[in-house]
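# Here's a sequence, model it:
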Amino acid sequence: MVYMTKTPIGSPVEANGPRDLTFKIDTVDDLQASTPLTPQPTFPPGALLVVPVPDAARRVSRITLEDRVTWDKKIDFLLSVIGFSVDLSNVWRFPYLCYKNGGGAFLVPYMIFFILGGVPLFYLELALGQYNRKGAVTCWGRLVPLFKGVGLAVVLVSFFVDLFYNQILSWALYFFFASFTSVLPWATCGNLWNTENCIGAYDEITDVEDLTSRFHCGVSPISSNISSASEVSPCLRTKLGINLNNTNLTSADLVTACASLELNITTESCKSSAEEYFYRSVLELHKSTGLDDLGEILWPNTLCLLAIYIICYFSLWKGVLSSGKVVWFTAIFPYIGLLALLVRGVTLPGSYDGIVYYLSPDFSKLATSQVWVDAATQVFFSLGPGFGVLLAFASYNKFNNNVYYDAMLTSCINLLTSFLSGLVIFSVLGYMAWKVNKKVADVAQEGPGLVFVVYPEALATMPGSTFWSIFFFLMLLTIGLDSSFAGSEAVITGVSDEVPLFEKHREIFVACLFTFYFFAAGLATCTQGGFYIVQLLDSYAAGYSLMLAVFLECIAVSWIYGISRICQDIHEMLGFTPGIFWRICWKWVSPAAVLFIIIYGIVNYAPLEVNKYVYPGWANGIGWLIAASSMSCMPLMAIYKFIRTSGTIRQRFKKLITPYRDTQAEKRAKAAGIIVTSSDDHVHVHNNGKS
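Now for the predicted structure:
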């Protein structure tokens, strides 16, 4: 497969970091050799490059020189891929899905989809990116020109995800700064943002008088005729479970206290201090009635979001040369944090019950289709094929890098991290359940509620709560930053490879991109109703459109580009051919798994609802427009390419499903004036002066 360098022969090669000039030879009998050339300052007319090749490479028909920046060290690439695939979903979604879907039994469908669907696509994208050395848009244009729109779609999906993902990171940064106090602000009631229904983590009630004077949860002036302890409201039992573990109050005392209050206490009206802090102080969600009433801009949140974009800019403005250094901290620190939090968690009372609840298998759950859908969805969204990130990262590898080893290593690390995160989360949830005298199921949540409400509430009750809170939110921040870097790099690389001017002025392009992010959607998500925008984008931006893109990727690569070509490409890079397992997965199993997710999602679609707020029809319509904007890239680009291609309908179609390497290589070599001759042990590349 052949691509001509963007640097014209006869022009100087800029010294912009390590570069990999890949020398690729396609022989008549499909035997190929690849040898890195030492970068030359110029390729003047008449220059002769003599490169040793294996004896098997004879009768050379095509050759190319390609100039591209590469990772400074291989570990930079590995850490970047690990940082991307290990994201917030590993922390707040996998543990919840595991306990909800049968505990340890959930690992059965998860491992099946992981081995047969996730890892094969993960490996495939890394291999395609490394071989083609281009971002998503250009790579797809070269694999199957008719499917170039798939590349545009995945870049647009990454663009939409970036719009809301950085807002979530800004919440983590907000909590990080708020943790630098002796008493954590979400640990107590009595603050300006609290209501009379607040339950504080530090509240202590020592007698009946304290109970009657300080407990104001869900008051309504109706008489309560309580005759036994069992009639004490669930909310009050929760309150007493938190604060009366070491008191001598009897059930009769509690019944008397409740009766004297003449109150109707409801569970729904009780809110923990941590919950009120997140929703009423950080988000001020109570001041917005929905998407049609976003309210005012929250300037503390805006400053935190601006700080996130500044961090992202200075991590990405020099490309992989700068981001490859930052990930040494952002990819490694989360594991230090997870291990430290696990050690702390298992030493807490009740942690064992939480871990048992997390892992205890309930195999009867496997009979429900939802369990299998949850497993498949989590695998694909965790590993991240289809976002264009793996293509972008791998495109900066050296041509002969062992991408197979990289794929196996990083995907296994992703799996182990998900499992480790579950132990960390549920050890603390077990402690929390013990603390409030509730079941683990009653305190477990998924999504933002887990990491911004439940976990902070547990941290507030620990000895050394300030330290552990700072530690936790710094870990959360670094986990998320890696994924943010990756999504942005997918957009930057995808666009820059199509428009080389942007790569030449990368610093300006990245600054313009992040500025657009900030003003186009960032300010809207920083309003009092911004939480609703984040949830809308989260639900529609990368759901159906991403799965459709991955499905078309499977079809285009396996059935049109062809399994044989893929195997030849990998053999050219690595010296061995993928086995029958990978071929079957790429051609049959992976597309079937993705199609299963798509069909199930469509059949079971329901309008969006978050925190009892039901999104209006027009809001769901906007969500579908967001999804359609990326999905429409696929047919629109196909139509555009079909119109722009010359020939009859049959000829056009044939051209558009013929890989770039089979139609353009010799044409470009001749246009560049390259003459290739071979002797017994060398290939001679001669430029005749046509640049």
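# quick one: contacts of stretch 630-641?
145-150, 152-154, 156-157, 160, 541, 544-545, 548-549, 552, 656 (C-beta atoms under 8 Å, 6 or more residues apart in numbering). Just so you know, the C-beta spots here come from the backbone N, C-alpha and C atoms, and that holds for glycine as well.
# Contacts only, for T302.
Contacts here follow C-beta under 8 Å, 6+ apart; on that basis T302 touches 522-523, 526.
# Of those residues, which qualify as buried by neighbour count?
Buried members of the contacts of T302, scored by 16 or more other C-beta atoms under 10 Å, are 522, 526.
# Put together JSON lines for the contacts of T302, with pLDDT and distance to L608 on each row.
Below are the contacts of T302 laid out as JSON lines (pLDDT from 0 to 100; distance: C-beta to C-beta, whole Å):
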{"residue": "G522", "pLDDT": "89", "distance to L608": "21"}
{"residue": "L523", "pLDDT": "92", "distance to L608": "22"}
{"residue": "C526", "pLDDT": "96", "distance to L608": "21"}
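# Looking at the contacts of T302, which one is closest to L537?
Using C-beta to C-beta, the shortest approach to L537 within these belongs to G522, at 11.7 Å.
# Test my guess that that closest one contacts L305.
Yes - contact criterion C-beta atoms under 8 Å: G522 and L305 qualify, at 5.3 Å.
# Now for the two: what residues contact both?
Joint contacts of G522 and L305 (C-beta under 8 Å, 6+ apart) are 166-167.
# circling back: now intersect the contacts of stretch 630-641 with the helices, please.
148-150, 152-154, 156-157, 160, 544-545, 548-549, 552, 656 (DSSP state H).
# Pull the residues that contact the helix or strand harbouring Y110.
If you go by DSSP states H and E, Y110 is part of helix 107-113. Outside of helix 107-113, the residues within contact range by C-beta under 8 Å, 6+ apart are 98, 363, 366, 371-372, 375-376, 378-380, 593.
# Out of these, grab the one that's most surrounded.
V379 (30 neighbours; other C-beta atoms under 10 Å).
# That residue in helix, strand or coil?
Three-state call for V379 (DSSP: H, G, I helix; E, B strand; the rest coil): helix.
# ok, now which ones touch it?
110, 113-114, 117-118.
# Which pLDDT value belongs to it?
Turning to V379, the model gives it a pLDDT of 95.
# how much space between it and C304?
32 Å (C-beta to C-beta, to the nearest Å).
# just how off-centre is stretch 455-468 within its chain?
Centre-to-centre, stretch 455-468 and its host chain are 27 Å apart (C-alpha atoms, centre = their mean, to the nearest Å).
# ugh, typo on my part, it should be stretch 121-134
18 Å.
# cool, and stretch 119-137?
How far stretch 119-137 lies from its chain's middle: 17 Å, per C-alpha atoms, centre = their mean.
# Could I get the average pLDDT for it?
Mean predicted lDDT for stretch 119-137 stands at 96.
# Over to stretch 461-471?
Averaged across stretch 461-471, pLDDT comes to 93.
# If we go by neighbour counts, what in it is buried?
461-462, 465-466, 468-471.
# what does stretch 636-656 give?
637-638, 641, 645, 652, 655-656.
# pLDDT and distance to L79 for the residues you listed - can I get that in a markdown table?
Output for these, formatted as a markdown table (pLDDT from 0 to 100; distance: C-beta to C-beta, whole Å):
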| residue | pLDDT | distance to L79 |
| --- | --- | --- |
| M637 | 96 | 34 |
| A638 | 96 | 37 |
| K641 | 95 | 37 |
| T645 | 93 | 42 |
| R652 | 94 | 44 |
| K655 | 91 | 41 |
| L656 | 94 | 38 |
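# okay, the residues you listed in CSV with secondary structure and distance to S484 next?
Converted to CSV, those look like this (DSSP: H, G, I helix; E, B strand; the rest coil; distance: C-beta to C-beta, whole Å):
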residue, secondary structure, distance to S484
M637, helix, 27
A638, helix, 31
K641, helix, 32
T645, coil, 38
R652, helix, 40
K655, helix, 39
L656, helix, 35
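# Just give me the neighbour total for F576.
By other C-beta under 10 Å, 11 other residues sit near F576.
# I'd guess it is in a strand, am I close?
No - using three-state DSSP, the assignment for F576 is coil, not a strand.
# I566 against A556, yeah?
No - in this structure I566 lies outside contact range of A556 using C-beta under 8 Å: 11.3 Å.
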